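>>> Okay, here's the prediction I keep looking at, along with the sequence it came from:
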Amino acid sequence: MAERRVLIALGGNAILRHQDTGTAEEQFATVRRTCRQIREIIEDGYTVAITHGNGPQVGDILLKNELARDTLPPMPLDICGAESQGMIGYMLQQSLDRELSEAGLSIPVVTVLSQTLVRRDDPAFGNPAKPIGPYYTAMQASRLSEEKGWRMANETGRGYRRVVPSPEPVALVEADAIKTLVRLGTIVIACGGGGVPVVAGDAGLRGVEAVVDKDHTAALFAALIGADDLLILTDVEKVARNFGRPDQVDLDTLTIAEAEEYLRGGEFPPGTMRPKIEAAIRFVESGGKRTIITSLPRARDALAGLAGTILSL
């Protein structure tokens, strides 16, 4: 087959399974299985780049901050995001390099600690809505709100969580470095967790207490490197209408017009499938050939057109 470039956007279950406790050994084992599938995609003839989520890992880092608050100074959210990028990138980089070596493939793999530029006047800063970190009791939430100025939101039956802004990504700060590495044949792991959100000011870039949606950033990343396909891997094999209801309908294909109509009708809820559909539209509109949404076990089949939901013009 002719060379075809794909950006693989890994969901959380590709790094930490729901039933796991989160030990380093568990995460490495899961990442190794994931990298085995990525290696098979490379053997099929694809040129790949990789991005990933970081929600559980950042949640753990934030919880450690809170538990150690009387012993060690807590780190702000942007630094926690950078820390998670390094940790996950390290696991992916080492595991994929091992898989490639065992298959006799000599392809360099590198992780780029990535910053994502957002606008200081993004409306999201006035309406924090992205939940992060652990759950708290009402008393703990009140204390954190008073002491740290955190915005807290109640999730019925589960407790209170901190909510932060989720501004739109504007550009990738390390774009030139990423493009150069890709052009040289390097497998690049970048933009983990959507990238560390930063704003530009007179003194240069500054990190902000926010979270950029990883799928939205993935669309930027894929367009930047001229990917043919954006492969978004999640917990379900296909996008569905009326998800979880008796009248659920799995979708094999979607056009941009159909996807936009479903979004206007409130079909896909925020925080789950909606940002993936939005990212799919943005990538194809920017010149990509197709976005594929499926589960990790069906990734190869989906690239061959045998599984998943394919969004194209």
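Looks like it arrived, so ask away. Numbering: from 1, shown residues only.

>>> residue boundaries of the helices in the stretch 151-300 of the chain?
Taking DSSP state H, counting those that start in this stretch as the test, the helices found in the stretch 151-300 of the chain are 175-183, 214-224, 256-264, 274-285, 299-303.

>>> Can you redo those as JSON lines, where the extra columns are distance to Cys191 and mean neighbour count?
For every residue, glycine as well, the C-beta is placed using N, CA and C. As requested, these are arranged in JSON lines below (distance: least, CB to CB, whole Å; neighbours: other CB atoms under 10 Å):
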{"stretch": "helix 175-183", "distance to Cys191": "8", "mean neighbour count": "16"}
{"stretch": "helix 214-224", "distance to Cys191": "5", "mean neighbour count": "26"}
{"stretch": "helix 256-264", "distance to Cys191": "23", "mean neighbour count": "14"}
{"stretch": "helix 274-285", "distance to Cys191": "12", "mean neighbour count": "22"}
{"stretch": "helix 299-303", "distance to Cys191": "19", "mean neighbour count": "21"}
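
>>> could those helices go into TSV alongside distance to Gln85 and mean pLDDT?
Converted to TSV, these look like this (distance: least, CB to CB, whole Å; pLDDT from 0 to 100):
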stretch	distance to Gln85	mean pLDDT
helix 175-183	14	98
helix 214-224	11	98
helix 256-264	29	96
helix 274-285	19	98
helix 299-303	22	97
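
>>> Output those in CSV, with distance to Arg119 appended to each entry.
As requested, these are arranged in CSV below (distance: least, CB to CB, whole Å):
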stretch, distance to Arg119
helix 175-183, 17
helix 214-224, 13
helix 256-264, 22
helix 274-285, 16
helix 299-303, 34
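
>>> I'd like to know which of those helices is closest to Asp70.
helix 214-224 (32.5 Å; CB to CB).

>>> Contacts made by that closest one with the rest, please.
The set of residues external to helix 214-224 that reach it, using CB atoms under 8 Å, 6 or more residues apart in numbering, is 7, 9, 49, 51-54, 116, 168-169, 171-172, 175, 178-179, 190-195, 229-230, 232, 275-276, 278-280, 282-283, 286-288.

>>> if we compare the helices of the stretch 151-300 of the chain, which one ends up closest to Asp60?
Across those, the minimum distance to Asp60, taken as CB to CB, is reached by helix 214-224, at 17.0 Å.

>>> related to what we said a few turns ago, make a PyMOL selection of whichever of the contacts of helix 214-224 turn out to be buried.
This is the PyMOL syntax for the buried subset of the contacts of helix 214-224, where burial follows 16 or more other CB atoms under 10 Å:
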select buried, resi 7+9+49+51+52+53+54+116+168+169+172+175+178+190+191+192+193+194+195+229+230+232+275+276+278+279+280+282+283+288
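
>>> Let's see which of the contacts of helix 214-224 end up in strands.
With strands defined by DSSP state E, the entries of the contacts of helix 214-224 inside them are 7, 9, 49, 51-52, 116, 171-172, 190, 229-230, 232.

>>> Quick check: buried residues in the longest helix anywhere in the chain?
Counting residues, the longest helix in the chain under DSSP state H turns out to be helix 77-102. Residues 77-78, 80-85, 87-89, 91-97, 99-100 are the ones in helix 77-102 that count as buried (16+ other CB under 10 Å).

>>> before we move on, back to that, what about the helices of the stretch 151-300 of the chain, which gets the closest to Leu205?
Nearest to Leu205, of all the helices of the stretch 151-300 of the chain, is helix 175-183, at 13.5 Å by CB to CB.

>>> picking up where we left off before, so which of the ones in strands among the contacts of helix 214-224 comes closest to Asp301?
Sorting the ones in strands among the contacts of helix 214-224 by distance to Asp301 puts Asp229 at the head of the list, at 13.6 Å, by CB to CB.
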